[in-house]
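>>> pasting the structure only:
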């Protein structure tokens, strides 16, 4: 039976005829889409330039520009489809989205949460691009604020991507929120040192150190009676309040304070521990008033303090006498 090509050729001819008839509509739809895309790019550029003229608000301008661009491109796509396909109706897509909105909501719950949090962050503006912030255990400089996440560059050259929902719900410390920042450090001096003299030296040293602001003035406060030292807190202000400036100011102030205190004979003690040996003899056994435990006894004269070596020797003698007594005992007496 011979193979008949006429139906196939006829079908190809119909498809070619349909393509030729729809070609003007496809080209028109493509031009419409390109026009909307160009308008979207122009709107984004205008939003970016307007935001850059307002300084720190440029993060919100960038996001608003992106949202505007996406919305215009979406509208252009729907219009282009309507031109290319006369039977296409935008309402069909709306109905489809309405049917699947619940499933989409569950599937993209985290994405939508981060998106809404990003919009609220851009509206409330608790921090800006270029600020140095601390959130959880992460600290660094804000590089970019997007609708889904915020990018932070750490001080050691790493990038951290933090979801906006986490930034919106957790505590965030903005170190560069104000032009000035106060630093503080506790300095321990000996209990036998003159407190007023040490405070004067520390205060004068801070006033003479480069980078410490005159206003507000630095101050010193006695903060703690520690086991090994008396702690004095030195507080001073710097500007600008960035991390590198804080490290540099701390280095200069602490080095200068250490030199000045040493020159004036002020001790900087390190933690120490005192071990007291309980002094108990046959004469004072059971009599707590005559036992020496690192402090004088009561009204009765305390036994003469002994050295560690003497106490060990006496303990050895006592142990030797007890062993000798046990050896001299008869088996019946044991």
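Sure thing, it's come through. These figures come from a predicted structure and were not determined experimentally. Numbers count the residues shown, from 1 in each chain.
>>> what's the helix or strand containing residue 252 in contact with?
For residue 252, the host element (DSSP states H and E) is helix 243-263. When contacts are defined by Cβ atoms under 8 Å, 6 or more residues apart in numbering, helix 243-263 is touched by residues 132, 139, 155, 175, 181, 183, 185, 187, 189, 198, 201-202, 204-206, 208-212, 234, 236, 238-239, 268. Just so you know, the C-beta spots here come from the backbone N, C-alpha and C atoms, and that holds for glycine as well.
>>> quick one: buried ones out of those residues?
132, 139, 175, 181, 183, 187, 189, 198, 201-202, 205-206, 209, 211-212, 234, 236, 238 (16 or more other Cβ atoms under 10 Å).
>>> can you give me the helices for the protein?
Taking DSSP state H as the criterion, the chain carries its helices at 6-52, 58-84, 90-99, 101-107, 109-124, 164-169, 195-208, 243-263, 308-328.
>>> ok, and the closest non-adjacent residue to residue 65?
Spatial nearest neighbour of residue 65, excluding adjacent residues (Cβ to Cβ, 6 or more residues apart in numbering): residue 47 at 3.4 Å.
>>> next one, pLDDT for that neighbour please.
Residue 47 carries a pLDDT score of 74 in this model.
>>> surely it and residue 67 touch.
No. Residue 47 lies out of contact with residue 67 (Cβ atoms under 8 Å); the separation is 9.1 Å.
>>> of those two, who's got more company?
The residue with more neighbours, out of residue 47 and residue 67, is residue 47; 21 against 15, by other Cβ atoms under 10 Å.
>>> coming back round to it: narrow the buried ones among the contacts of helix 243-263 to those in strands?
Among those, DSSP state E puts 132, 139, 181, 183, 187, 189, 234, 236, 238 in strands.
>>> would you list those in CSV and tack on pLDDT and distance to residue 71?
Below are those laid out as CSV (pLDDT from 0 to 100; distance: Cβ to Cβ, whole Å):
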residue, pLDDT, distance to residue 71
132, 96, 34
139, 95, 36
181, 95, 41
183, 96, 47
187, 95, 59
189, 94, 66
234, 97, 55
236, 97, 51
238, 96, 45
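>>> in contact with the nearest residue to residue 229 once chain neighbours are set aside, which residues?
Nearest non-adjacent residue to residue 229, counting by Cβ to Cβ, 6+ apart: residue 188, 3.0 Å away. By Cβ under 8 Å, 6+ apart, residue 188 lies in contact with 226, 228, 229, 230, 231, 232, 268, 269.
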